[in-house]
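Colleague: Take a look and give me a structure for this.
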Amino acid sequence: MSPRRFLALHLADLPTARLRRGGLLATPLATWVAVGNRRLLASVDAAAAARGLAPGQALADAQAIAPDLTLHPAAPDADAAALRDLALWARRYTPLAATDPPEGLVLDITGCDHLFGGEAALLADALARLRRAGLAAQGAVAGAAAT
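Modeller: I've put the predicted structure just below:
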């Protein structure tokens, strides 16, 4: 039996990409969450990150840095649904695709990589397809799923 192989995908901008797919095209774009009596950035798109904004930053600070920042409340349920949809999409690579909330997918690609020309080609194909769909993705192949 061959050793298990897993493809892990991280989709850091899933919340903002989901908003864009819903018709929101403003940039820079971020989502926020209430933590106690504070409002913090939950996710940022690439344009917001390029201006120095990052998740966890105070909303007031972010607005001072980028006055044209478009803000939306975080929607964890909608993000989770989008991640589940992506896990179904990932079944093109393997029948064993799972979500790794809040922004990840884990695919058991054991025995599947040869269908795509090897592990590197499978990873490259997945990343390219995600990028074409408007998602900034990072990925890696390993012999064990993250714990």
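Colleague: So, low pLDDT: which residues of this structure?
Modeller: Residue ranges of the chain with pLDDT under 70: 1-2, 24, 146-147.
Colleague: all strands for it, in order.
Modeller: Taking DSSP state E as the criterion, the chain contains strands spanning 6-10, 29-35, 38-44, 70-73, 97-100, 104-108, 138-142.
Colleague: Give me the residues contacting stretch 92-106.
Modeller: 6-12, 14, 76, 79-80, 83-84, 86-88, 90-91, 107-109, 112, 116, 122, 125-126, 145-146 (CB atoms under 8 Å, 6 or more residues apart in numbering). C-beta coordinates here come from the backbone N, C-alpha and C atoms, glycine included.
Colleague: ok, 6 Å please
Modeller: 6, 8-12, 14, 83-84, 87, 90-91, 107-109, 112, 145 (CB atoms under 6 Å, 6 or more residues apart in numbering).
Colleague: Just the buried residues of the residues you listed.
Modeller: Buried members of these, counted by 16 or more other CB atoms under 10 Å: 6, 8-9, 11-12, 14, 83, 87, 90, 107-109, 112.
Colleague: Show me which of these is closest to residue 131.
Modeller: Using CB to CB, residue 11 comes nearest to residue 131 of the buried ones among the contacts of stretch 92-106, at 10.7 Å.
Colleague: What's the separation between the closest one and residue 75?
Modeller: Taking CB to CB, to the nearest Å as the measure, residue 11 falls 15 Å from residue 75.
Colleague: Just give me the neighbour total for the nearest residue to residue 13 once chain neighbours are set aside.
Modeller: With sequence-adjacent residues excluded and distances taken as CB to CB, 6 or more residues apart in numbering, residue 13 is closest to residue 136, at 4.8 Å. By other CB atoms under 10 Å, the residues close to residue 136 number 17.
Colleague: Would you mind confirming that residue 137 is in contact with residue 127?
Modeller: Yes: with contact defined as CB atoms under 6 Å, residue 137 counts as touching residue 127 (5.3 Å).
Colleague: The two - which one has more neighbours?
Modeller: Legend: neighbour count by other CB under 10 Å for residue 137 and residue 127, higher for residue 137 (22 against 17).
Colleague: contacting residues for the more buried one?
Modeller: Counting by CB under 6 Å, 6+ apart, residue 137 makes contact with 9, 11, 127, 130.
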